[in-house]
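[1] I'd like to go over a predicted model; first the sequence, then the structure.
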Amino acid sequence: MVTIVHFDIPADIPERARNFYAALFGWKFASPPGYPDFSLIETSDGEGRPGVGGGLGRRGEPGQDITVYFGVESVERYLALVIREGGKVVMPYTPVPGYGALAICSDTEGNRFGLWENTA
């Protein structure tokens, strides 16, 4: 079953946003090699078990909001399903070297969401 596997938080000033979320929720941040302007977010549930991972990076466009990513076995296959069901592709299939691939879509109500294919 498809489920939420990742979320991204855009920030105008990433350091300020990292400090905010670290203080607010106790999240931990680490920058993966080769992505200096992006931090992976480590979350946990109320009992300390690992939660859904996230990312925080510089805002790419005005009005960009938090994006939730759903894990799928094939982004390209799901892009065809999005279109067939009346949604739109906002950002096409995009490889993320060393990790996977993603795409951004909108549903029939204009809500944005991401698709993530793990290839690592």
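    Looks like it arrived, so ask away.

[2] all contacts plus neighbour counts: C-alpha atoms, from now on.
    Fine.

[3] can you pull out the strands in the protein?
    Per DSSP state E, the chain carries strands over the ranges 4-11, 28-30, 38-42, 53-58, 67-71, 88-96, 100-106, 112-118.

[4] packing partners of the first one?
    When you say that, I think you mean strand 4-11. strand 53-58, strand 67-71 (3 or more C-alpha pairs under 8 Å, 6 or more residues apart in numbering; DSSP states H and E).

[5] which positions in it come out as buried?
    5, 6, 7, 8, 9, 10, 11 (16 or more other C-alpha atoms under 10 Å).

[6] now flag whichever of the residues you listed is closest to residue 60.
    In terms of C-alpha to C-alpha, no member of the buried residues of strand 4-11 lies closer to residue 60 than residue 10, at 7.4 Å.

[7] wait, residue 39 sits on residue 55?
    Yes: between residue 39 and residue 55 there is a contact under C-alpha atoms under 8 Å: 5.5 Å.

[8] and these two? Which one has more around it.
    residue 39 (23 against 19; other C-alpha atoms under 10 Å).

[9] quick one, what contacts that one?
    By C-alpha atoms under 8 Å, 6 or more residues apart in numbering, the contact set of residue 39 is 29, 30, 31, 32, 55, 56, 57.

[10] and the helices and strands packed on strand 4-11 as JSON lines, adding mean pLDDT and distance to residue 79?
    Below are these laid out as JSON lines (pLDDT from 0 to 100; distance: least, C-alpha to C-alpha, whole Å):
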{"stretch": "strand 53-58", "mean pLDDT": "96", "distance to residue 79": "22"}
{"stretch": "strand 67-71", "mean pLDDT": "97", "distance to residue 79": "12"}
